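Trainee: this one's structure only:
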């Protein structure tokens, strides 16, 4: 049973470009969470999605950031017009239920904005 | 949300027992205590969870006193591969889910030969 898969592992973008981060949850998991981690800091919650629904996006910046989890395919975190401050590690986690004992995390996508 | 406080860093040597204490004075009745481990360039990994007294699994033990205002993660006989950041989380994940939990800066454990 494959774990949570994130790709790409590393993504380099120039300021103003778009970044698309993908997350395939574990098989059987329909709940996805995105977190952002700056160097030497803890993870910050961004958004929680279920299939085709955004449940909680209270941690998402109001502009340029969006997330989706379509009926088919991976969850996508999209960052438009990236700025240097968007450089961070972005982690996706999944769970089989809405209130799980634990989350299963992917290995993350390291976004570097030049 | 219950705020947690844990040491920024700790050092140990191979074969020693390591105890990391987390303070959570404002823990609520329905809150559970959960610990995660994170290696560099990887996502966090669940270690252990408890509500009160003692919980033990194949990786660690979790000690929670009666007042539940603190908890101690105990790692027996650490090895170099236990060098990681350890996060203490407190919350009612069974009602609200992880979207309401906060990963603080964690404790950076360095295990030396």
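Mentor: Sure thing, it's come through. It should be emphasised that the depicted structure is a prediction, and the values quoted were computed from it without experimental measurement.
Trainee: so what's the one residue in chain A that gets nearest to chain B bridging to?
Mentor: Closest approach between chain A and chain B, counting by Cβ to the nearest Cβ: residue A:105, at 2.8 Å. No exception for glycine: its C-beta is placed from N, CA and C like everyone else's. On the basis of DSSP bridges, residue A:105 takes part in beta bridges with residue A:93.
Trainee: List the residues that contact it.
Mentor: Contacts for residue A:105 (Cβ atoms under 8 Å, 6 or more residues apart in numbering or on different chains) come out as A:4, A:91-93, B:42-45.
Trainee: What separation is there between whichever residue of chain B sits closest to chain A and residue B:21?
Mentor: Using Cβ to the nearest Cβ, residue B:43 is the residue of chain B that sits closest to chain A, at 2.8 Å. According to Cβ to Cβ, to the nearest Å, residue B:43 and residue B:21 sit 24 Å apart.
Trainee: cool, and residue A:67?
Mentor: For residue A:67, the distance to residue B:21 - Cβ to Cβ - is 36 Å.
Trainee: These two: which is more packed in?
Mentor: Per other Cβ atoms under 10 Å in any protein chain shown, whichever of residue A:67 and residue B:21 has more neighbours is residue A:67, with 21 against 16.
Trainee: packing partners for the helix or strand hosting that one?
Mentor: Take DSSP states H and E as the rule and residue A:67 turns out to sit in strand A:65-68. Under the contact definition 3 or more Cβ pairs under 8 Å, 6 or more residues apart in numbering or on different chains; DSSP states H and E, strand A:65-68 sits against strand A:43-50, strand A:75-79.
Trainee: starting at the chain centroid, how far to it?
Mentor: Centroid separation between strand A:65-68 and its chain, computed with Cα atoms, centre = their mean, to the nearest Å, is 9 Å.
Trainee: Tell me the strands beside it, with direction?
Mentor: strand A:75-79 (antiparallel).
Trainee: of all the helices and strands packed on strand A:65-68, which lies closest to residue A:97?
Mentor: For the helices and strands packed on strand A:65-68, proximity to residue A:97 was assessed by Cβ to Cβ; strand A:43-50 is nearest, at 10.3 Å.
Trainee: Across the sheet, point out what pairs with the closest residue to residue B:80 other than its chain neighbours.
Mentor: In space, and not counting its chain neighbours, residue B:80 is closest to residue B:111: 5.3 Å by Cβ to Cβ, 6 or more residues apart in numbering or on different chains. Residues in a beta bridge with residue B:111, per DSSP bridges, are residue B:12.
Trainee: And residue B:111, what's its pLDDT?
Mentor: Looking at residue B:111, its pLDDT is 97.
Trainee: Tell me, how many residues neighbour it?
Mentor: Look at residue B:111: counted by other Cβ under 10 Å, it has 20 neighbours.
Trainee: ok, now residue B:5?
Mentor: Here the count is done by other Cβ under 10 Å, and residue B:5 has 12 residues near it.
Trainee: what's the closest non-adjacent residue to it?
Mentor: Using Cβ to Cβ, 6+ apart and skipping residues adjacent in sequence, the residue nearest residue B:5 is residue B:23, 4.3 Å away.
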